[in-house]
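>>> Okay, here's the prediction I keep looking at, along with the sequence it came from:
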Amino acid sequence: MRLRNDGYCIDTRGGVLLVSNVPYVDYDKQVRRGTLVAKLMLAGDEVLAPDTHTIHFIGNYPHNADGTPIEKFRCNSQRKTLCDGVTVDHQFSAKPQPKGSYDDYYHQVSTYCMILGGPAAELDPSATARCFAPVVPDAKEDSPFHYLDTASSRAEITQLSKKLAIGKVAIIGLGGTGAYILDLVAKTPVGQIHLFDKDWFFSHNAFRGPGAPSLEELRAKPLKVEYFKAIYSKMHRGIVTHPVHVTSENVELLREMDFVFLCIDDGMAKRFIIRELEDAGISFTDVGMGIYVGEEALGGMVRVTTSTPNRREHFRSHVPLADDNGDNEYDQNIQVADLNALNATMAVIKWKKLFGFYMDFQGEHHSTYAIETQLLTRAEQQA
């Protein structure tokens, strides 16, 4: 894990550790890339310290920057197969001093990478074995990602991140705020992210959500759910699209969800969605904002209201459920991408608190941010 976190390209196969993309200099004084191969010492699923100071190598014999062979660690250059699919070209011997053995595989691999990479760095200062290449998860890990979440492992918060590995999360409405919520949730180990929206993706959506669509993409007039799936399914395997608005005829689809983000303005639709979620015992968060035009500037507030099975009664007093939400300049396509992003961030932080990723001393179920005063307030704290 330490090797992976430091950017080394590692893999295991048939009882050996493979470290690829290791730079070295060949006999023509050209910088090449090879692979170090170390025999793994295992006790069940525990990795022990290496039982030898030698290591194998796949590639040409390494040289110094002046083209002379590196003789100080030459052991033998007899080509042989260590396991299925792994045939090595050389074996090196660099015994660490003073005790003559390596503390662990990080110690061993980093030492040999330094010996091989030193001459390469003289010829090409950018040559390094720490290339931070994406790592494909092992099939048995059942990861929702196409490549490993090395951000969590580098920060040593992998166990905390696992708290967010719930089954299904729904995002209803992919306007600006809903799209930003998707951007954040797609970076968590949620099993599936269900997107509900029947609208098309137009130019005004591009200025209110994450990313930067091309002119060609806008001319294609994609559905919002398909446009965003094309982006985030590159990272997350579990993006599921529903090119529909949630209605009384299909609202039962939400009963499969473990959490729901409500990102729509339609008060009538919200009413039967809320009833369905409450009846199913599902926690959910509603986001919203009220923007007005003042004297040559915008004012207003951003709101996040959460409902959980043990705290429901406050929700209807804070969330507009009328068919007409009044004179809200936001409905006239005022470009407020930063407020959409803020609204989404507040909602996702609250979701992560509910599942134990963040500390939550107050247990608030309603928060607002006022633009004019920069004031963040909370209400409806958990008893």
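Structure's in. What do you need? Numbering: from 1, shown residues only.

>>> now the strands for the stretch 201-350 of the chain?
Taking DSSP state E, counting those that start in this stretch as the criterion, the stretch 201-350 of the chain contains strands spanning 239-242, 259-262, 283-293, 298-307.

>>> Return the most buried member of the ones you listed.
Comparing the strands of the stretch 201-350 of the chain by mean neighbour count (mean count of other Cβ atoms under 10 Å), strand 259-262 ranks first with a mean of 24. The way it works is simple: take the backbone N, C-alpha and C, and place the C-beta from them, glycine included.

>>> How far off centre is it?
The chain centroid and the centroid of strand 259-262 are separated by 19 Å under Cα atoms, centre = their mean, to the nearest Å.

>>> name the helices or strands packed onto it?
Counting by 3 or more Cβ pairs under 8 Å, 6 or more residues apart in numbering; DSSP states H and E, the packing neighbours recorded for strand 259-262 are strand 168-172, helix 176-185, helix 267-280, strand 283-293, helix 337-354.

>>> Spatially central residue in this structure, please.
In the chain, the residue lying closest to the centroid (Cα atoms, centre = their mean) is residue 187, at 2.9 Å.

>>> Let's have the helices and strands packed on strand 259-262 in JSON lines, adding distance to residue 33.
Below are the helices and strands packed on strand 259-262 laid out as JSON lines (distance: least, Cβ to Cβ, whole Å):
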{"stretch": "strand 168-172", "distance to residue 33": "40"}
{"stretch": "helix 176-185", "distance to residue 33": "34"}
{"stretch": "helix 267-280", "distance to residue 33": "53"}
{"stretch": "strand 283-293", "distance to residue 33": "48"}
{"stretch": "helix 337-354", "distance to residue 33": "40"}
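
>>> Can you say which of those is nearest to residue 309?
strand 283-293 (6.8 Å; Cβ to Cβ).

>>> Now do the closest one against strand 298-307, angle only.
Direction vectors for strand 283-293 and strand 298-307, defined by axes from the mean of the first three to the mean of the last three Cα atoms, to 10 degrees, enclose an angle of 170 degrees.

>>> which stretches of the stretch 1-150 of the chain form helices?
Here the stretch 1-150 of the chain has its helices, by DSSP state H, counting those that start in this stretch, at 2-5, 105-123, 150-154.

>>> Give me the next element, helix or strand, following the last one.
Which is helix 150-154. Along the chain past helix 150-154, the next helix or strand (assigned with DSSP states H and E) turns out to be helix 158-161.
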